[in-house]
Every structure is written in structure tokens, then in C-alpha cells.
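Participant: Below are the sequence and a predicted model for it; my questions follow.
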Amino acid sequence: MDQELVQYLDSRFQSVNRQFQELRGEMTAGLEGLRGEITEGFQELRDEMTAGLQGLRGEMTAGLEEVKRHSGVLVEGLRHELQLVAEGLAMHIQVQHVQEREYHDRQHQETRALIRSVHDELRQQHDHLRQRVENLEQKRQN
């Protein structure tokens, strides 16, 4: 195989590998950020609930039902937000997967087309050289 073609294909494959590494880094960073936000959200909720419980100890008789209701609303809101985050993450991962697949399919098609083109060109050159050899052999026999 032509050295330039090998170098070209190597550089293309290295470029694809770099792009995968960058994408993996971006996804990892995004997931780490998301993990931090969720942890922070849980910590804030924990802090709010702790403060609410400390206040509840002082007002145990009259305000007990109100604090329970408020905590329930906070928990339900957080559940809903967490579900939205999970759905958004799943959708993001799915979109990324589709985009990566499309990219790889395009790269594969481009590589196959390039190989086909080079193969056809080499075959034509081979046929041409074979014909020239046959012509030379015929001339030599005459």
C-alpha cells in the first residue's frame, strides 16, 4: 500500500481517536458536574430538613402538621426535579450515542470509499501494465 495513503489513513484514525477521547472527557466532565449538582441538591435538602426539624422540636404541638406538609412538598419537588435530571441525562446520552454512531458510520463509509477508489485505480494500473507487457511480448515474437 502506498506510504502516503498509509500515513493519511493513520492520521485520520488518530484524529478520530482524539475526537473520541475529547468526547469521553467532555462526557466525564459533564457527568461529574451533574453528580456535584445532585450531591449539592441533596445536601441543601438535608440542611433544610435539619433546620426544619430543629424548629419543629421547639413548636412540636401546633406546627407539627404544617412542617410535615412542607417537607413533603420539598421532597416531592426534589423527586420531580431528580426525575427530570435523570430523563435529561438519559436523553443526552441517547443523543450522544446516535451522534457518535452517525459519525462512525460516516467515517467508515468515507474510508471504504477511499479504499475502493484506490483499489480501482490500482486495478486499472495493473490492467494497463499487463496489456503493455502483452503488447511487448507480441512485438518480440513478431
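Facilitator: Arrived safely.

Participant: mind listing the helices for this structure?
Facilitator: Taking DSSP state H as the criterion, the chain carries its helices at 3-58, 64-141.

Participant: What helices and strands are in contact with the first one?
Facilitator: Right, helix 3-58. Packed against helix 3-58 by the contact rule (3 or more CB pairs under 8 Å, 6 or more residues apart in numbering; DSSP states H and E) you find helix 64-141. C-beta here means a position set from N, CA and C on the backbone, and glycine is covered the same way.

Participant: swap in the last one?
Facilitator: Helices and strands touching helix 64-141, as assessed by 3+ CB pairs under 8 Å, 6+ apart, comprise helix 3-58.

Participant: Now do the helix it packs on and helix 64-141, the angle between them.
Facilitator: If you take axes from the mean of the first three to the mean of the last three CA atoms, to 10 degrees, helix 3-58 sits at 180 degrees to helix 64-141.

Participant: Centre of the chain to helix 3-58, how far?
Facilitator: Centroid displacement of helix 3-58 relative to its chain, using CA atoms, centre = their mean, to the nearest Å, is 12 Å.

Participant: Quick check: the gap between the most centrally placed residue in the chain and Leu23.
Facilitator: Against the mean C-alpha coordinate of the chain, by CA atoms, centre = their mean, the closest residue is Gln96 at 4.3 Å. In this structure, Gln96 and Leu23 are separated by 8 Å, where distance is defined by CB to CB, to the nearest Å.

Participant: and what of Val95?
Facilitator: Distance from Val95 to Leu23, by CB to CB: 12 Å.

Participant: Of these two, which one has the most company?
Facilitator: It is Leu23, of Val95 and Leu23, that has more neighbours when counted by other CB atoms under 10 Å, with 14 against 10.

Participant: contacting residues around the more buried one?
Facilitator: Neighbouring residues of Leu23 by CB atoms under 8 Å, 6 or more residues apart in numbering: 96, 100.
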